[in-house]
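>>> Curious how this folds, go ahead:
(one chain, ligands or ions: 3)
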Amino acid sequence: MRRIRANAIVLLTVAWILGMLYYLWHDSRPYPKQGSSSSSSGRNVQKPIRLESSREDRTVVQVVTKAPWLDDHKLKAFDEQAYLARKQLNPGADPYGNHAFNQQESDKLASDRPIRDTRHYRCASVQYNKDFLSTSIIITFHNEARSTLLRTVKSILNRSPPSLVQEIILVDDFSTDPEDCQLLTKIPKIKCLRNTRREGLIRSRVKGADAATAEVLTFLDSHCEVNKDWLQPLLQRVHEDYTRVVSPIIDVISLDNFAYLAASADLRGGFDWSLHFKWEQMPIQQKMARTDPTQSIRTPVIAGGIFVMNKSWFNHLGKYDTQMDIWGGENFELSFRVWMCGGSLEIVPCSRVGHVFRKRHPYDFPEGNALTYIKNTKRTVEVWMDDYKQYYYEARPSALGKAYGNIAERVDLRRRLRCNSFQWYLQNVYPELRIPEKEVSERAVVRQGEKCLEAQDLHRVVSIIASLRPCKGLQSNLLFSQEWVLSGPLIKHQDKCLALTNFSLGSQVILDLCNPQDGRQKWKIKGSSIMQLVTGACLDSQVETEKDRVGTTSCQPDLASQQWELLQVT
Ligand SMILES: *[C@@H]1O[C@H](CO)[C@@H](O)[C@H](O)[C@H]1NC(C)=O
Ligand SMILES: *[C@@H]1O[C@H](CO)[C@@H](O)[C@H](O)[C@H]1NC(C)=O
Ligand SMILES: [Mn+2]
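Ligands and ions are numbered 1, 2, ... in the order given. Sure, this is the predicted structure:
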């Protein structure tokens, strides 16, 4: 009897485990390689955090039917097969070679393939105005894969209410084959502008914006797929307040297999002092205050590739800094300008647009990738960051002394628009950006009688010794090995710090590579004693058996061997 019951329990357990396994397998099947497909495109660094992990609250596969007006006789003028066939990948060619994504996979997929509706289910019931003004969609590109470019364009035509799309302006930034762009103008609403030399993203966008006939501009990348009802929520926000500059949630299209993956819905744009863009969790208070998942998310910066902005507001705020080259940094310049000059930036979670994030740029920068990024960010920093620019130069010392052209016009723009200070921006928009602590450091000689603490064998990698030697004086250039920098709890000599060998009483004192996290390196000056913060013992010249070495022992402030004088170095 007991045996039977035990068997039954084992059987039930096994059945439950198999059931769970099937459930997990089944659930993960439609999203291949979720973790491994995360990638970056320099500024849009993709951490696994970017991808949505819980899928319960979402609707399932969306089957997109063509908008009836697309079957219009005009579309027949465009021969899709011929357009794509002429740019097939040569057999045996590296599918990543030309575009830094897998072109073969892109070519395989239909130009109007269905994708998942990745919005929160509550987005489907939000009501939008019916009487928006239409928008001009501006897509700049340089040698984009035809299948990818076409899918971008067709997703717009298929998934936007026709009355809202005034035109799609393709700005061909001097691609090798002018027909990549020209042939697409057979599709209704598509216009094509071509640069006669390589101008880069920034000047190309301004060219597109100047040509736009609608009151609202929508900037998009050339390797995107817009999702269901992506446009209405964006236009609604700009319609309510023209000073808003709004972005969708940018879903991830895998660069390897073009799977469409949902991005997490509670991220915003942030950065560090080197002006490196990153996605970050919105602050906890903001998260707690959100009761409605369809509400917009205020963001300190936008990723830059995809946003909607009122055209007269765009012009009023000075478009873009057209002296910036190719790519990079322009999203900071725009973001600081919008916030500081009276506008706001937000991410609208009910709008979803997929984007292929790449690991490298598939094209060349005339002056090199790093130099262009430095030039563009330097222009931003010099015009917009006031005295806070020092933190940028501390974080990116390679930017010091690099050329960045003339900024007089942009400085003048900032003055004309009477924009707020960068301090205002930090206080009101991005208080979470930590301002690096000013290092209060003093340079000093540590003296006991006629002897001074000295760093020896500086050129040895291991166990540099702290010893006592006859004092050499107080002039900085003279002493060198007797000069110490008191920096918070650290007592530094160049990149080495005074440290215990271990935490036992009587431990020898040596020099180790500085590490503020290392408890062995923390000291406190207490009167004329130098106390080890963790052990509470004091620096003592008589502990060690070896002559002239120092160690630590229980503090006795009136012991001569524990009394130290700190003399300022001149
Ligand atoms: C764009 O902004 C201007 C003011 O700069 C405003 O008059 C116009 O109505 C706005 N257009 C839209 C579509 O919001
Ligand atoms: C601590 O370091 C001293 C030398 O400073 C050494 O003699 C002693 O054995 C070490 N103790 C431990 C527990 O490692
Ligand atoms: Mn892109």
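
>>> State the distance from Lys397 to ligand 3.
Just to correct that, residue 397 is Pro rather than Lys. For Pro397, the distance to ligand 3 (CB to the ion, to the nearest Å) stands at 29 Å. All C-beta spots, glycine's among them, are computed from the backbone N, C-alpha and C.

>>> Within range of ligand 3, give me the residues from the stretch 301-450 of the chain.
Contact residues, the stretch 301-450 of the chain versus ligand 3 (CB under 5 Å from the ion): Gly305.

>>> residue boundaries of the strands in the stretch 401-550 of the chain?
Per DSSP state E, counting those that start in this stretch, the stretch 401-550 of the chain carries strands over the ranges 441-448, 451-456, 464-470, 484-487, 490-493, 496-500, 509-513, 523-526, 529-532, 538-540.

>>> Out of the ones you listed, which is closest to ligand 1?
Closest to ligand 1 of these is strand 441-448 (CB to the nearest ligand atom; 50.3 Å).

>>> and that closest one with strand 451-456, angle?
Angle of strand 441-448 versus strand 451-456, following axes from the mean of the first three to the mean of the last three CA atoms, to 10 degrees, is 120 degrees.

>>> so what does strand 441-448 touch, helix or strand wise?
Helices and strands touching strand 441-448, by 3 or more CB pairs under 8 Å, 6 or more residues apart in numbering; DSSP states H and E, are strand 451-456, strand 484-487, strand 565-568.

>>> which strands and helices sit next to the strand of greatest length in the chain?
Longest strand of the chain, by residue count under DSSP state E: strand 344-356. For strand 344-356, the elements it packs on are strand 224-226, helix 231-240, strand 244-253, strand 267-271, strand 297-298, helix 330-340, judged by 3+ CB pairs under 8 Å, 6+ apart.

>>> Spell out which parts of the stretch 301-450 of the chain neighbour ligand 1.
By CB under 6 Å from any ligand atom, the residues of the stretch 301-450 of the chain that approach ligand 1 are Asn310, Ser312, Trp313.

>>> Could you check how many residues crowd around the closest residue to the second one other than its chain neighbours?
Spelled out, it's Ser312. Residue nearest to Ser312 in three dimensions, not counting chain neighbours: Glu215, with 7.1 Å by CB to CB, 6 or more residues apart in numbering. Per other CB atoms under 10 Å, the neighbour tally for Glu215 reads 18.

>>> if I pick Glu215, what's in contact with it?
By CB atoms under 8 Å, 6 or more residues apart in numbering, the contact list for Glu215 reads Leu133, Thr135, Asn310, Lys311, Ser312.

>>> what residues are up against the closest residue to Thr322 other than its chain neighbours?
Leaving aside its sequence neighbours, Thr322 sits nearest to Arg203 (CB to CB, 6+ apart; 5.1 Å). The contact partners of Arg203, taken as CB under 8 Å, 6+ apart, are Asn195, Tyr320, Thr322.

>>> For the chain, give the residue positioned nearest to ligand 3.
For the chain, the residue closest to ligand 3 is Asp221, as judged by CB to the ion, at 4.0 Å.

>>> And the helices and strands packed on strand 344-356: which comes nearest Met531?
Counting by CB to CB, Met531 lies closest to strand 267-271 out of those; the figure is 39.3 Å.

>>> tell me what the closest one is packed against?
Taking 3+ CB pairs under 8 Å, 6+ apart as the contact cut, strand 267-271 packs with strand 277-281, strand 344-356.

>>> what angle do the last one and strand 267-271 make?
Between the axes of strand 344-356 and strand 267-271, defined by the same axes, to 10 degrees, the angle is 100 degrees.

>>> what do you get for the first one?
If you take the same axes, to 10 degrees, strand 277-281 sits at 140 degrees to strand 267-271.

>>> in strand 277-281, what's buried?
Buried residues in strand 277-281, defined by neighbour count with 16 or more other CB atoms under 10 Å: Phe277, Lys278, Trp279, Glu280.

>>> got a list of what Asp540 touches?
When contacts are counted by CB under 8 Å, 6+ apart, Asp540 touches Val550, Gly551, Thr552, Thr553, Leu559, Ser561, Gln562.

>>> which one of these is nearest ligand 1?
Closest approach to ligand 1 among these (CB to the nearest ligand atom): Thr552, at 68.9 Å.
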